[in-house]
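Visitor: I'll drop the sequence and a predicted model, then ask my questions.
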Amino acid sequence: MDCLFCKIIKGDIPSSKVYENEYVYAFRDINPQAPVHILVVPKVHISSVDEINAENSALVAKIFEAIPEIAKAEGLDGGYRVISNCGADACQSVKHLHFHILGGAQLGERMG
């Protein structure tokens, strides 16, 4: 598989890791859209939100257990946004499920 995020998880491509456990890997986005912009990915390849099912949804729960820990460690006490793009119309650029944590400043109300 030629997945960018799978290569990052394996250490084949360097990243600025901020969190890792048995199920989840999180790293800083190389093109940040906010002062804090972190990508949180499952260590198992899931292509997108469309691929979440009964067999892998527990893994997705692990991601959402990790997100508050990451946000706290990053000092996002005033709040943050969690986004996942799904498919071409949403500009999903890497076909590996990932969630963006955005924060560190007042974010705009508009999402698009």
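Guide: Received the coordinates, thanks. The structure presented is a predicted model; accordingly, all values stated were derived computationally and were not measured.
Visitor: spell out for me which residue occupies the centre of this structure.
Guide: residue 40 (2.5 Å; C-alpha atoms, centre = their mean).
Visitor: that one bridge partners, please.
Guide: In this entry, residue 40 is beta-bridged to residue 26, residue 99, by DSSP bridges.
Visitor: contact partners for it?
Guide: 19, 24-26, 63, 66-67, 70, 98-101 (C-beta atoms under 8 Å, 6 or more residues apart in numbering). For every residue, glycine as well, the C-beta is placed using N, CA and C.
Visitor: now with 10 Å, please.
Guide: 18-19, 24-27, 63-64, 66-67, 70, 82, 84, 97-101 (C-beta atoms under 10 Å, 6 or more residues apart in numbering).
Visitor: what subset of these is buried?
Guide: 18-19, 24-27, 63, 66-67, 70, 84, 97-101 (16 or more other C-beta atoms under 10 Å).
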